[in-house]
Structure formats: C-alpha cells, structure tokens
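J.: could you work out the structure for the sequence below:
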Amino acid sequence: MIRSADNIRIVLVQPESPGNVGAVARALKTMGLSELVLVAPICDPRSDHAVALAHNATNVLAAARIVPTLEQALSDTTFSVATTNRIRCQNAPFLTPRQLAPDLLAKSVSHPAAIVFGRESSGLTNAEASLCSIQSTVPAATDVPSLNLAQAVMIYVYELFQASLVHDEETYPWQLASHSEFEQFYAHLGQTLEQLGTRPATTMDNYIARFRRVLSRVPLESRDIRLLHSLLATVNRQAEPAPGIRNSGGSRSAANSG
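T.: Numbering: from 1, shown residues only. From the prediction side, this is the model:
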C-alpha cells in the first residue's frame, strides 16, 4: 500500500471507453490508490464492460465520483498535474512520471493532489491543462507516442508506488557504525593477519587500506561490525597452535598478498 498516496486522486476528463475506465480502476487498486474522479464521462463508466475490465477493483469503480467540470474535480486540491503527450508551454514546469512521483508524494502528505488525464481521442485542451500546477508526459521512443489511457495511468501510479518504496527505505533507522568502531575492527583485522603470518608486498598498513576501500563503500551498521569481529575471533581460535605443539616460524600463510 502506498502510505502517502491517500490524498492523490486520478482524474479522467470525459473518458470515452468504459473498458478504459474499468482498466484504470484496476491499475489504481494494483498500485495502492483508491480515489478515481470522472469528469463528465461520455461513456457509461459502470457498464458490464467496465466492470469486466476492472476485475477485482470493482470497489474502486463503484466508489468513483462523477463531477460535471474539471474545476470541480480540482476544487479542493493544492497541487495538480496535467498529463500530455507534448509540451504545451516551455515556461511551465514539466516533469516525467519518475521525476514527478517523489515531489507529488511529498506535496500530498497533508493536502489533496491530482493527476489529470484527458480524452482518449484528443487529450486535454490547453485551457484544461492550464488549470493544473504543472505538466507531465511519458517519454517515448517515437516522435508520435500513442499510449492507451489505462496504460498511461498505470505508468504514473507505478512510479508513485516505486517512489513510496524508496521513501520507506530511506526512513529505515540505520544504526551506522562509528569511526572508532571501524578503527577497532581494522586493528583486530591487522592482528589476525599477523597471527596468520600474512606478509604483504609492501606494509600491513597498505594492505589494510585495501580493506578500508572495500568496506567504506558499504553502509555498515554496528551489528555488522560485531559480526565481522566474531568472524575474526573464530579465525583467531582456529589459528592458535594445539596444546603441546610449538608453531615453527618458518611457515607462511596462503593469505600472502602479492
């Protein structure tokens, strides 16, 4: 479920195909949205064909609001997006679905927002697009893109869902290891390598620096450092000579670095 998308509504202006309306409802439910608004639909949005294409999202379809004008659909919103297959005005903010999603999620935390889609045959008029805060389009490999209405809606709600997942990951309460914890680990690593008889090509400090380069690329937590200490402690125990057996100084570890 997209936790922060509860205030985002999908608005269809004069949809012409009941199948598209049903498929849009299905796309919304699949990606965790539920609010669908239909502006003066030309078709019957609750026909048998619409219900069939909605599949298991008939509750979204049944709850869809029907309003006479786009102004009414946007009346309580504080941010809205006009979707188009071309840039209407070079001076207006213009984003792709992926660029748009994080900002739209942030803006809709406490205020309603909307993504507006036009007619299947002609899209939004310039006047309708001008009612929205910004414009957005789906990048395509052709100069004359032709996306089905439900396909276009799915792209936008999919990007919203993906952006919500990234947000969840960013709020994970990382307990990152401190500088001192890393230094204690590197000291332990150096001792273990010495115990194994490792003879680097240059110096042990230069050899440890190679491990620093690797581990500095990973956001290690304190528990990760403890795990590595545990691994080294196991190596330490295994490297100890058996009781009554004196370790000859002539052996050389296979961990030798060239």
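J.: ok, which stretches of the stretch 101-250 of the chain are strands?
T.: Ranges of strands within the stretch 101-250 of the chain are 113-117, 134-136, based on DSSP state E, counting those that start in this stretch.
J.: wait, which of these is closest to residue 94?
T.: Taking CB to CB, strand 134-136 is the member of the strands of the stretch 101-250 of the chain nearest to residue 94, at 5.1 Å. For the C-beta atoms, the positions are set from N, CA and C on the backbone; glycine is no exception.
J.: show residues contacting the longest helix seen in the chain.
T.: The longest helix of the chain (DSSP state H) is helix 149-170. Applying CB atoms under 8 Å, 6 or more residues apart in numbering, the contact partners of helix 149-170 are 2-5, 8, 10, 12, 15, 17, 20, 23-24, 26-28, 30-33, 53, 83, 97-98, 100-102, 104-105, 115, 117, 120, 136, 138, 147.
J.: just stretch 39-53 next, same as before
T.: Residues contacting stretch 39-53 (CB under 8 Å, 6+ apart): 11-23, 25-26, 38, 58, 61-62, 64, 66-70, 72-73, 119, 150.
J.: mind listing what the helix or strand bottoming out on mean pLDDT in the chain pairs with, with the direction of each?
T.: When the helices and strands of the chain are scored by mean pLDDT, DSSP states H and E, strand 94-95 comes last with a mean of 82. Partners of strand 94-95 in the sheet, by DSSP bridges, are strand 134-136 (parallel).
J.: spatially nearest residue to residue 195 (excluding sequence neighbours)?
T.: The spatial neighbour of residue 195 that comes closest, neighbours along the chain excluded (CB to CB, 6 or more residues apart in numbering), is residue 239 at 5.1 Å.
J.: pretty sure that neighbour sits against residue 198.
T.: No. In this structure, residue 239 is not within contact of residue 198 by CB atoms under 8 Å, at 10.8 Å.
J.: count residues in the vicinity of the residue nearest to residue 195, would you?
T.: Residue 239 has 13 neighbours, counted by other CB atoms under 10 Å.
J.: list the contacts of it.
T.: 192, 195-196.
J.: which PyMOL command selects the buried ones in the residues you listed?
T.: Selecting only the buried entries of these in PyMOL, with 16 or more other CB atoms under 10 Å as the criterion:
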select buried, resi 192+196
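J.: domains for this structure, by residue range?
T.: As recorded under automatic domain parsing, the domains making up the chain are 3-170, 179-239.
J.: what's the most buried one of the ones you listed?
T.: domain 3-170 (a mean of 18; mean count of other CB atoms under 10 Å).
J.: in the stretch 1-150 of the chain, what residue spans correspond to helices?
T.: Ranges of helices within the stretch 1-150 of the chain are 18-30, 48-54, 58-63, 70-74, 97-107, 126-130, 149-170, based on DSSP state H, counting those that start in this stretch.
J.: contacting residues for residue 124?
T.: By CB under 8 Å, 6+ apart, the neighbours of residue 124 are 13, 82-84, 116-118.
J.: quick check, nearest of these to residue 203?
T.: residue 83 (61.2 Å).
J.: thought the closest one was touching residue 116?
T.: Yes. Here residue 83 reaches residue 116: they are 6.4 Å apart, a contact under CB under 8 Å.
J.: how about residue 221, what does it touch?
T.: 174-177.
J.: let's go with 6 Å and repeat that
T.: 175-176 (CB atoms under 6 Å, 6 or more residues apart in numbering).
J.: what bridges to it?
T.: Bridge pairing for residue 221 - DSSP bridges - gives residue 176.
J.: mind starting the numbering at 39 from now?
T.: Fine by me, first position is 39 from now on; the one you just mentioned is residue 259.
J.: how near is it to residue 214?
T.: 6 Å (CB to CB, to the nearest Å).
J.: what do you get for residue 118?
T.: Applying CB to CB to residue 118 and residue 214 gives a distance of 39 Å.
J.: right, I'll call it a day here.
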